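Participant: test case, fold it:
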Amino acid sequence: MGLQSVLNLGKNSLAQNQVALQTIAHNIANAGVEGYSRQESIAVNTPPTQHGFGFLGTGVRVDTIRQAADRFLNGQIVGIKAEFEAFKARSEAMKLAETFLNEGASNTGISSSLVRFFQAAEALSARPEGAPERTDFVNAASNLARVFNTTAASLQDLQVQADRNIVRGVAEMNDLVGRMSDLNARIQVSEAGGHTANDLRDERQRVLERMSELGGVDAIEDKEGAFLVIAGRSFPIVQKGEGASLVAVDNPDNVVGTVPPVALKQVYFKSLGGELTDITARITDGQIGGLLQFRDGTINRLLDDLNNLAATIVNEVNIIHRQGYGLDGSTSLDLFNPLKISVDASSANSRDPGTKSPNIQAVLSDSRIFDPTALSGAKYTIRFASPTSFNVLDAETGLKLDATKVSVNGGPFGTDATVVDFAYAGTQVSVEFEGLRVTIQNFAGVPQKDDSFTVSIRKDAARNIAVSTVILGDISKVAASGQPGVPADNSGILAIADLRGRPVAQRRSSTLGDFLSSILSTFGTEARDVRGRESLTDQFAQTLKEAREGVAGVSIDEEMANVVRYQQNFGATARMMAITTQLLNDIIDIV
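Facilitator: Residues are numbered from 1 along each chain as shown. The predicted structure is shown next:
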């Protein structure tokens with residue numbers, strides 16, 4: 001008690017005011033920084049001293065610098081940003097795909113080209129001997145093929161571009177993992193004394209939100225203040241001060257037929273111990289998740305449908321054209337280059353432990369289309385149930401083909417529809433089903449359970465469709481006639497024109513035009529849905545950001561009001577100390 005105590009009290013008050021003003025200045029300086037949480041200097045009174053007349057206050061001290069952060073809102077923002085970025089990535093990519101489809105007012109898309117092809121066939125049927133009509137028909141066929149080619153190539157290029165963006169996203173994610181690990185460690189050290197590392201926490205929140213924007217991560221804060229960050233819904237990519245990583249690995253079962261072919265990437269989780277786990281299918285949010293859905297879902301389906309359509313056009317037109325006759329009497333000629341069978345072994349097929357060579361392989365020289373009229377356009381899977389038996393499955397329905405549809409080693413088709421298992425004896429088997437012949441043989445060993453092959457006639461059909469060079473070189477070979485020696489007959493070309501209204505697509509359930517309309521409608525509906533959900537999640541995100549800004553944002557007006565308040569406190573304290581000093585000097589003078 002005494003004037004000296006008053007000076008000490010004033011000194012503590014000045015220190016508290018100085019800290020408060022510095023905190024306000026820090027808030028003002030960071031008012032425009034995304035994710036900054038307002039800070040506040042919290043002052044508490046110091047313990048009083050006891051005297052005979054009671055307790056006498058000793059002043060004030062700074063207890064802590066409190067951060068105005070709402071952890072619940074922060075968590076909600078992390079989640080909504082992941083959803084928004086996924087929809088945004090898909091939406092932007094789908095806009096480009098819509099551009100490549102060219103189904104607008106320009107009349108340069110597949111729809112208008114298909115209509116023009118049939119119109120040219122109808123015009124040729126009215127004058128089957130006319131050279132201008134023949135030239136126009138061949139040009140229309142060439143244009144249809146070219147539009148298919150450029151559309152498929154552009155969509156495949158989009159897949160490759162999306163794949164490259166995924167790789168870049170994985171690289172950025174790994175950088176952020178390193179930053180998050182470092183921030184975890186620094187926060188644990190900084191908060192060991194009991195105080196919150198506010199600015200480090202803000203920085204960590206920004207890193208977490210960016211990680212979520214990329215890959216849709218989740219985070220759990222432990223009792224020591226460190227984040228456990230989860231990728232792919234269950235894989236710990238950051239644990240305290242240590243970080244795992246993501247790895248982009250070529251997928252040999254997902255190859256785009258560009259020139260040169262490109263194996264698209266799978267995303268693997270690489271643990272701290274170096275173990276790799278494929279989490280591609282588990283990343284559904286963030287930019288990476290959105291791009292994966294676009295690359296492996298939306299565009300894959302669109303390309304597969306266009307390939308199916310192109311393969312159907314080629315096969316149906318060629319069947320009719322081979323039966324017709326040209327002006328020069330030529331026959332058995334294809335208008336389009338014939339379809340080719342693809343037999344692709346799964347990368348998971350068994351291999352010899354020593355040589356790493358596959359135990360079995362397809363004999364491509366003995367795998368072919370033997371009956372075009374029996375083709376359904378479906379994809380098939382030949383899967384071994386054991387080293388001595390296999391099944392043939394429709395890859396789209398998952399149903400097994402029975403013995404009435406399958407011939408083994410040139411034998412007759414069976415009569416028992418309950419038989420779906422077929423014997424693999426010796427070192428080779430030839431299987432015929434629905435117009436296709438596939439031969440598989442032992443290579444480095446014998447087949448094992450679940451070894452499989454994918455069989456298709458529509459792989460890259462849209463990219464590869466082309467008018468036969470024989471027809472391009474001589475329009476007289478266009479088989480408009482249905483009878484030999486009667487060039488004025490139009491039954492051949494009329495049959496091609498009639499394909500326009502016949503149900504030859506989608507396993508003979510719809511016309512070519514209806515199938516194409518269904519393809520475009522399905523894609524358009526998905527694109528509108530994605531854009532709508534992008535807009536909705538953006539609105540949610542903005543609402544949450546505004547709510548967080550209301551809690552943790554910096555108001556310049558409020559801060560300036562606080563500056564005035566602490567300025568007055570500072571002035572009053574200084575005045576009190578000046579008076580006390582004068583009193584002390586007066587006492588000294590008296591003494």
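Participant: what's the nearest residue to Thr388 once chain neighbours are set aside sitting at in phi/psi?
Facilitator: Among residues not flanking Thr388 along the chain, Tyr424 sits closest, at 5.4 Å (Cβ to Cβ, 6 or more residues apart in numbering). Every C-beta, even on glycine, is put in place using the N, C-alpha and C of the backbone. Here the main-chain torsion angles of Tyr424 (degrees, to the nearest 10) amount to phi -110, psi 100.
Participant: looks like Tyr424 contacts Val392 (just checking).
Facilitator: No - using Cβ atoms under 8 Å, Tyr424 makes no contact with Val392, being 12.0 Å away.
Participant: who's more crowded, the two?
Facilitator: Per other Cβ atoms under 10 Å, whichever of Tyr424 and Val392 has more neighbours is Val392, with 24 against 21.
Participant: on the three-state scheme, the more buried one is what?
Facilitator: Assigned state for Val392: strand (three-state reduction, DSSP: H, G, I helix; E, B strand; the rest coil).
Participant: can I get stretch 8-16 as CSV, trimmed to CA atoms?
Facilitator: Coordinates of each C-alpha in stretch 8-16 appear next as CSV, following Å, rounded to 0.1, in the frame of the first residue of the first chain:
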residue,chain,number,x,y,z
ASN,A,8,3.0,-0.3,-10.1
LEU,A,9,-0.7,-0.5,-10.7
GLY,A,10,-0.5,2.2,-13.4
LYS,A,11,2.5,0.4,-15.0
ASN,A,12,0.4,-2.9,-15.3
SER,A,13,-2.5,-0.9,-16.7
LEU,A,14,-0.4,0.7,-19.3
ALA,A,15,1.0,-2.8,-20.3
GLN,A,16,-2.5,-4.2,-20.5
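Participant: pLDDT wise, what is Thr64 at?
Facilitator: Looking at Thr64, its pLDDT is 89.
Participant: next up, identify which helix or strand the residue lying closest to it once chain neighbours are set aside is on.
Facilitator: Nearest non-adjacent residue to Thr64, counting by Cβ to Cβ, 6+ apart: Ile42, 5.2 Å away. Using DSSP states H and E, Ile42 maps to strand 39-45.
Participant: tell me how far that strand is from the chain's mean position?
Facilitator: 48 Å (Cα atoms, centre = their mean, to the nearest Å).
Participant: pull out the buried positions in it.
Facilitator: Within strand 39-45, the residues scored as buried using 16 or more other Cβ atoms under 10 Å are 39, 41, 43.
Participant: and that strand, average pLDDT?
Facilitator: 90.
Participant: please name the strands paired to it in the sheet, noting orientation.
Facilitator: Here strand 39-45 is paired, per DSSP bridges, with strand 60-67 (antiparallel).
Participant: touching the strand it pairs with from outside, list them.
Facilitator: Strand 60-67 is contacted from outside by 12-13, 15-16, 19-20, 23, 37-46, 195-196, 198, 201-202, 552, using Cβ atoms under 8 Å, 6 or more residues apart in numbering.
Participant: buried residues in the helix or strand just after that strand?
Facilitator: As assigned by DSSP H and E, the chain's next helix or strand after strand 60-67 is helix 71-101. Judged by neighbour count (16+ other Cβ under 10 Å), helix 71-101 contains these buried residues: 73-94, 96-97, 100-101.
Participant: I'd like to know which elements helix 71-101 is packed against.
Facilitator: helix 131-190, helix 198-215, strand 218-221, helix 286-293, helix 299-323, helix 512-552 (3 or more Cβ pairs under 8 Å, 6 or more residues apart in numbering; DSSP states H and E).
Participant: name the residues of the shortest one that come out as buried.
Facilitator: Meaning strand 218-221. Buried residues in strand 218-221, defined by neighbour count with 16+ other Cβ under 10 Å: 218-219.
Participant: and it, what does it pack against?
Facilitator: helix 71-101, strand 227-231.
Participant: ditto for the fourth one
Facilitator: The criterion is 3+ Cβ pairs under 8 Å, 6+ apart, and the helices and strands that helix 286-293 contacts are helix 71-101, helix 131-190, helix 198-215.
Participant: so which of the ones you listed is the most surrounded?
Facilitator: helix 198-215 (a mean of 22; mean count of other Cβ atoms under 10 Å).
Participant: hmm, who's touching it?
Facilitator: Counting by Cβ under 8 Å, 6+ apart, 34-37, 39, 65, 67, 69, 74, 77-79, 81-82, 85, 169, 172-173, 176-177, 179-180, 183-184, 186-187, 190, 217, 219, 227, 229, 231-232, 246, 283, 285-289 sit against helix 198-215.
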